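Colleague: show me how the following folds:
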Amino acid sequence: MLGGPVLRQHVVEFIDGVGVITDGVTDASDTASPWTWTVPQDVRELRLSGCGGGAGGAGGQNTGTQRGGGGGGGSGISAIDLPLFVRPGDTLTITIGAGGAGSAAGSGFNLATAGGDTSVAGLTRISPAVGVMGGTADTIVLKGGGGGTRSGTAGSGGQAGSGGASVTGSSGFLAAIGGNGAAAAASPSAGSNGSESTSPGITGLSMHAHGGSGGGGASTSPSTAGSNGGTWTGGTGNKVIAGGLSVTASGVGAQDGTNSYGGGGDGGASLFGRPGLGGDGNANNATAASGYGAGGAGGGGNGDGAAGSPGYVRISYWSAD
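Modeller: Next up, the predicted model:
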């Protein structure tokens, strides 16, 4: 009869507001990060998946006859199966980045709240390829997204936040560029779509960051609808999302005969969450991001921006039982 140890994969998830889930069993005795977690005996390598917090989207302009839309928030950096080298008995500290808050509609320039950084500290060492992400010798960081902005120029759409760029003085690893807000014009132009970065130059690592999309500009003619905000898919019409579902294009410009309103920009997509969809002009309907690490939507003219979704950490490892 053949015998010997059985290899088993274990998965530990760290979710703010829920707790620590180990192999499907939830420990809700502590539901807020930071958490400490001890590396099991005979385990020397972990695989890290997770993301920083997504940023909030900016509210649109709410004064004057030209009311541009706000920019969407950028995603946090997402990572899949990054190798982390550890020693049995090491104590790791896991901190989850908060989702950024959306800002209210208003006048003048305004910046929505950035997403918080997610980190894992207490590592024995980080491989050189992973170490470029930031942090210190024993800490790895998945940076939060940059907040969307509202333009300080009447009628112009707000510029969106960049993915993975919330830390002052550091663009972060995989920082993606947010879309530009559109300028006011007699025939206003739409906000630009946010761009995406994935695993540049590092073979075997799956990483991602996505900038938000810019807000649509308002028209100098109050009887002309403002333009739509940018979209995270880069397309028009219905947007295809994970699971084959679709949603109607968002961030639509409007006019009421007295004012022209731009649409809000979409948030940036995450590997673990769906971005918020831009608010329509003269409607307070921008949506918050769902899941983890995605950016919140910008508000249309007269509308508030929406929140980004929080970060996330999943650790997996193998043991011989």
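
Colleague: which stretches of the stretch 101-250 of the chain form helices?
Modeller: 128-131 (DSSP state H, counting those that start in this stretch).

Colleague: residue ranges with poor pLDDT in it?
Modeller: By pLDDT under 70, the low-scoring segments of the stretch 101-250 of the chain are 125-137, 165-175, 198-205, 233-249.

Colleague: again, 90 this time
Modeller: Scanning the stretch 101-250 of the chain for pLDDT under 90 picks out 121-143, 152-155, 157-213, 222, 229-250.

Colleague: what segments of it are strands?
Modeller: Here the stretch 101-250 of the chain has its strands, by DSSP state E, counting those that start in this stretch, at 110-111, 118-121, 139-142, 149-150, 196-198, 206-210, 239-240, 246-247.

Colleague: winner for burial among the ones you listed?
Modeller: Mean neighbours per residue, mean count of other Cβ atoms under 10 Å, is largest over these for strand 149-150, with a mean of 32. C-betas here are computed from N, CA, C, even on glycine.

Colleague: what's the most centrally placed residue in the chain in contact with, if anything?
Modeller: With distances taken as Cα atoms, centre = their mean, residue 75 lies nearest the centre of the chain, 2.0 Å away. By Cβ atoms under 8 Å, 6 or more residues apart in numbering, the residues touching residue 75 are 51, 54-55, 115, 145, 163-164, 176, 208-212, 267-270, 273, 275, 293-295, 308.

Colleague: can you do 7 Å?
Modeller: By Cβ atoms under 7 Å, 6 or more residues apart in numbering, residue 75 lies in contact with 54, 145, 163, 209-210, 268-270, 293-295.

Colleague: check what pLDDT it gets.
Modeller: Model confidence at residue 75, given as pLDDT, is 92.

Colleague: gap between it and residue 212?
Modeller: Distance of residue 75 to residue 212, given as Cβ to Cβ, to the nearest Å: 8 Å.

Colleague: do residue 177 as well
Modeller: Per Cβ to Cβ, residue 177 is found 10 Å from residue 212.

Colleague: these two: which is more packed in?
Modeller: Taking other Cβ atoms under 10 Å, residue 177 and residue 212 do not tie; residue 212 has more neighbours (53 against 23).

Colleague: please verify my assumption that the more buried one contacts residue 265.
Modeller: Yes. Here residue 212 reaches residue 265: they are 5.8 Å apart, a contact under Cβ atoms under 7 Å.

Colleague: perfect, that will be all.
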